[in-house]
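**Student:** After the sequence you'll find the predicted model.
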Amino acid sequence: MSPISSRRPIPYAHQWVDREDIEEVVKVLRSDWLTQGPRIKKFEDLLCQYTGARYAVAVSSGTAGLHIACLAAGMGKGDEAITSSITFVASANCAIYCGGRPVFADIQKDTINIDPKEIEKKINKKTAAIIPVHFAGHPCDLEEIRAIAKRHKLFVIEDAAHALGAEYKGERIGSCKYSDMTVFSFHPVKHITTGEGGAVLTNRRGLYEKLLMLRNHGITRDRRRLLAKDKGPWYYEMRLLGFNYRITDFQCALGISQLKKINRFLKRRREIADIYDSGLSGIDGLELPCERDYVSSGWHIYVIRVRGRAKRRMVYEAMSRSGITPSVHYRPVYLNPYYADMGYRKGTCPKAEEYYSQALTIPLYPRMSDREVLYVVKRVKEALE
Ligand SMILES: Cc1ncc(COP(=O)(O)O)c(C=O)c1O
């Protein structure tokens, strides 16, 4: 698993798939339903139970979830969605898929989350939605964001790809108490995995029905929703331009089995973060991630900040030579060439750009042993000396 126990490097993230998970997937592979079967609704029901949301729509990826969430919110040509500058590109691309345009707001220095005050500055007549991202699993200032959205009549779509199991003021992320929809990702680096996969959660029945259609080509068979009545039991209508964003039953079987282990996964992630906190605190030029007292972070990733761009690179390279594969989350999205070509410019979010010059993600995943975690601590310290 690591340079200590074998030749494999320590990655920054890794899934936990055990025999129980594999057996559940195999059961479905032997059944009649590979897709569009009963495991999907079961997985969705369990996600609702876990988060407290009323409705869940499981989809083929978190990106697909963000896309149909934006469409369900009515995002279209000329609309703007305000999102964080420090996130994965999908949080912004989803607006473009709908003919809209992402607007990037700067971050808070401590949480690296979108700053509500920066959101206010970016609102104009074209703004349709806010897409806050719970970076690294630390919840955003949802209460403040909700209040802004209410004042300006905007949708809030939480990008919770990093935050399954995180809590904000006693409420689980995904409950949608402060938002219209919440999107999760089940990519293997995330808290639970379905291979590829995601889900959109909501408390609003109207949005739920739209999301169901958008996942499946815009088709409905719901008798109550059909325009034409009594056309026969085979009859369906395509009412929107939707997609095939369906997830399979064997993926959902994996998701169901993984969800049983979520508490254990979260506990181990926190234990590892605690070891890093104590092992790396008090080092000059090194800043550690925070956890505000009214949240419980999901500890999706552990990002240290190394002052000095050259020094960050040096630490990255020293770790790579030691059999550790760190990562950097993230470069401000708008600095990507695609966005530069669209006219987005360096300097848009100064705090995000400064953060990017220092950020380094060190390994954190439930399967890491204490020995491996301590090995990472040792290597970071040595590289900084
Ligand atoms: C913040 C964020 N949003 C969205 C996504 C997209 O999720 P997926 O990879 O399941 O499409 C990711 C995935 O890495 C992510 O980190």
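**Tutor:** Cool, the structure landed. Predicted model, so just to flag it, every value in this text is computed and none were measured.
**Student:** quick one: the helices in the stretch 251-385 of the chain?
**Tutor:** Assigned by DSSP state H, counting those that start in this stretch, the helices in the stretch 251-385 of the chain fall at 262-280, 309-321, 337-341, 350-356, 370-384.
**Student:** Need the contact partners of the longest one.
**Tutor:** For helix 262-280, contacts defined as CB atoms under 8 Å, 6 or more residues apart in numbering pick out 16, 50, 137, 164-165, 191-192, 286, 288-289, 297-300, 302, 304, 362, 364-366, 368, 370, 373-374, 376-377, 380-381. (C-beta placed from N, C-alpha, C; glycine too.)
**Student:** What is the burial count for the residue in the stretch 51-200 of the chain positioned nearest to the ligand?
**Tutor:** Residue of the stretch 51-200 of the chain nearest the ligand, by CB to the nearest ligand atom: Gly62 (2.6 Å). Gly62 has 27 neighbours, counted by other CB atoms under 10 Å.
**Student:** tell me the contacts of it?
**Tutor:** So, once contact is read as CB under 8 Å, 6+ apart, Gly62 ends up touching Ala90, Asp159, Ala161, Val183, Phe184, Ser185, Phe186, His187, Gly197, Gly198.
**Student:** Tell me which two of these sit farthest apart.
**Tutor:** Within the contacts of Gly62, Asp159 and Gly197 form the most distant pair, 15.3 Å apart (CB to CB).
**Student:** Which one of the two is surrounded by more residues?
**Tutor:** Neighbours were counted for Asp159 and for Gly197 using other CB under 10 Å; Asp159 has more, 30 against 27.
**Student:** mind listing what that one touches?
**Tutor:** Gly62, Leu66, Thr83, Thr87, Ala90, Ser91, Ile131, Pro132, Val133, His134, Val183.
**Student:** which secondary structure elements does the least confident helix or strand in the chain by mean pLDDT contact?
**Tutor:** Least confident helix or strand, the chain: helix 309-321 with a mean of 93, by mean pLDDT, DSSP states H and E. Other helices and strands packing on helix 309-321, by 3 or more CB pairs under 8 Å, 6 or more residues apart in numbering; DSSP states H and E, are strand 359-362, helix 370-384.
**Student:** Next, work out how far apart the most centrally placed residue in the chain and Gly65 are.
**Tutor:** Centroid-nearest residue in the chain, with CA atoms, centre = their mean: Ala161, separated by 1.1 Å. With the distance defined as CB to CB, to the nearest Å, Ala161 ends up 9 Å from Gly65.
**Student:** repeat for Ala147
**Tutor:** From Ala147 to Gly65 the distance is 25 Å (CB to CB).
**Student:** What of Ala199?
**Tutor:** For Ala199, the distance to Gly65 - CB to CB - is 6 Å.
**Student:** of those two, who's got more company?
**Tutor:** Gly65 (33 against 30).
**Student:** Does Val156 belong to a helix, a strand or coil?
**Tutor:** State at Val156, reduced to three classes by DSSP: H, G, I helix; E, B strand; the rest coil: strand.
**Student:** Am I right that Lys121 is in contact with Ile114?
**Tutor:** No: contact between Lys121 and Ile114 fails when scored by CB atoms under 8 Å: they sit 11.7 Å apart.
**Student:** Mutual contacts of those two, please.
**Tutor:** Ala105.
**Student:** sorry, back to before: so of the contacts of Gly62, which ones are in helices?
**Tutor:** Judged by DSSP state H, the subset of these located in helices is Ala90.
**Student:** on that earlier part again, show the contacting residues for the residue nearest to the centre of the chain.
**Tutor:** Ala161 neighbours (CB under 8 Å, 6+ apart): Gly62, Phe88, Ala90, Ser91, Val133, Val183, Phe184, Ser185, His187, Lys190, Gly198.
**Student:** Same question for Val17.
**Tutor:** So Val17 contacts Thr193, Leu254, Gln258 (CB under 8 Å, 6+ apart).
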